[in-house]
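Enquirer: kindly generate the corresponding structure for this input.
(one chain, ligands or ions: 2)
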Amino acid sequence: MQTGIVLETKGATMKKRVLSGIQPTGNIHIGNYLGAIKHWITSQAEFDNIFCIVDLHAITVTQNPKILKSKIRELAGLLFAAGIDRKLSHVFVQSHISAHAELTWILNCLTPMGWMQRMTQFKEKSQKEQVNVGLFDYPALMAADILLYETDLVPVGEDQKQHVELARDIAQRFNSIYGETFKIPEPVIPETGARIMGLDDPTKKMSKSETQQGHAIHLLDSPDVIRSKTMGAVTDSLREIRFDENRPGIYNLLVIYELFTGISRAEIEARFEGKGYADFKKDLADVIIEGLKPLQSRYRDLTADESYIDSLLVEGASKIRPIAEKILTTVKDKVGLG
Ligand code: ATP
Ligand code: LTN
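Expert: Numbering: from 1, shown residues only. Ligands and ions are numbered 1, 2, ... in the order given. Below you'll find the model as predicted:
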């Protein structure tokens, strides 16, 4: 039996490597939790896991330096409080390992402009706000994150699928020009919860960068705030409480209920048969409040001493830096650098 993670050993018994990333911006919400973090936690024992706090991605949008630093700690605290286990997973900060930025440059130089111009997330964001070159290049940095660690699987929400596919294309292009170097990663998208929608507008994905009060439930929201956001969630003028994708407001709330309770859809529908939206929302608020309580209390314990989280992040980076440096050295050699 293999215990813990084996990072360097190759062999038949080796666990598959999972890598994912999350930006230390805004407030982590139940969409991030149900669509990504929860899956990272439940599958930890099965895989060799690396989770990256992507601060270089975060600065593609202007950040207040003090807030960014505190958000990095907060996010790390939340990941550990939610159940990331240091014996099974490595959590580190992207900018602590300089190989990410270096490999990005090399990948930039073999990625056709047309591939990047197809990225829908950039197209959407650039229509709404003033953007910089970093935001355009965001997917190449994400490809570097993934390819530096011989990643097998990349668990993400639906919105990131196209970026993982681009990482595959870039890896294949590199391999075909310079010879087998990168492992080709696979995206893993959850069947349910891959796209939790905004409570104020169920046609838009719940997102950290949307700041309207009723948009998202944050993992550190108090019970009162959770209750008022849930009661205020947009539904429709019908009454029936059913999993019907054509009714995005109530469907989204039901999916959240399903994921927090683990109860089957049929049972949930039976439970609320003949009841009104207000009754359902009251129960949903209780379920979310109870679901987040253990995480919130562990978070308070873990962050009582700020330097503790910092020390975990230093340890996380030092354990995996050798993997990234090894790949980067191979890549530089193949490209003819140095
Ligand atoms: P931003 O609005 O700043 O882009 P975000 O809310 O999309 O932030 P990220 O840090 O970009 O959050 O994403 C972290 C993880 O959460 C990714 O795997 C992403 O796919 C997933 N995720 C983000 N939003 C949702 C959502 N609404 N439903 C399910 N998964 C989500
Ligand atoms: N772009 C991702 C975050 C991210 C990521 C990664 C996810 C950065 N690097 C590598 C998976 C693998 C997002 O969620 N917005």
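
Enquirer: would you mark the buried spots in stretch 102-113?
Expert: The neighbour-count criterion (16 or more other Cβ atoms under 10 Å) identifies 102-104, 106-107, 111 as the buried residues of stretch 102-113. For every residue, glycine as well, the C-beta is placed using N, CA and C.

Enquirer: so what's Asp279 closest to, chain neighbours aside?
Expert: Closest residue to Asp279 apart from its sequence neighbours, by Cβ to Cβ, 6 or more residues apart in numbering: Phe272 at 7.1 Å.

Enquirer: for the one you found, give me its contacts.
Expert: By Cβ atoms under 8 Å, 6 or more residues apart in numbering, Phe272 lies in contact with 241, 279-280, 283.

Enquirer: flag every residue of the stretch 101-250 of the chain that's near ligand 2.
Expert: 142, 145-146, 154, 156, 160, 163 (Cβ under 6 Å from any ligand atom).

Enquirer: secondary structure element for Val18?
Expert: Taking DSSP states H and E as the criterion, the element that holds Val18 is strand 17-22.

Enquirer: the stretch 101-250 of the chain: helices as residue ranges?
Expert: Secondary structure of the stretch 101-250 of the chain, counting by DSSP state H, counting those that start in this stretch: helices at 113-117, 120-128, 133-147, 161-178, 223-231, 248-261.

Enquirer: show the contacting residues for Thr120.
Expert: Thr120 neighbours (Cβ under 8 Å, 6+ apart): Gln162.

Enquirer: go again using 10 Å as the cut-off
Expert: 159, 162-163 (Cβ atoms under 10 Å, 6 or more residues apart in numbering).

Enquirer: give me the residue from this structure nearest ligand 2.
Expert: Distance from ligand 2 to each residue of the chain (Cβ to the nearest ligand atom) is smallest for Gly21, at 2.8 Å.

Enquirer: number of residues surrounding the nearest residue to Glu269 once chain neighbours are set aside?
Expert: Beyond its immediate neighbours in the sequence, the residue positioned closest to Glu269 (Cβ to Cβ, 6+ apart) is Arg242, lying 5.7 Å away. Around Arg242 there are 14 other residues, counting by other Cβ atoms under 10 Å.

Enquirer: my read: Arg242 touches Glu273, true?
Expert: Yes - counting by Cβ atoms under 10 Å, Glu273 is a contact partner of Arg242 at 9.3 Å.

Enquirer: any regions of the protein where pLDDT drops low?
Expert: Along the chain, segments meeting pLDDT under 70 span 1-13.
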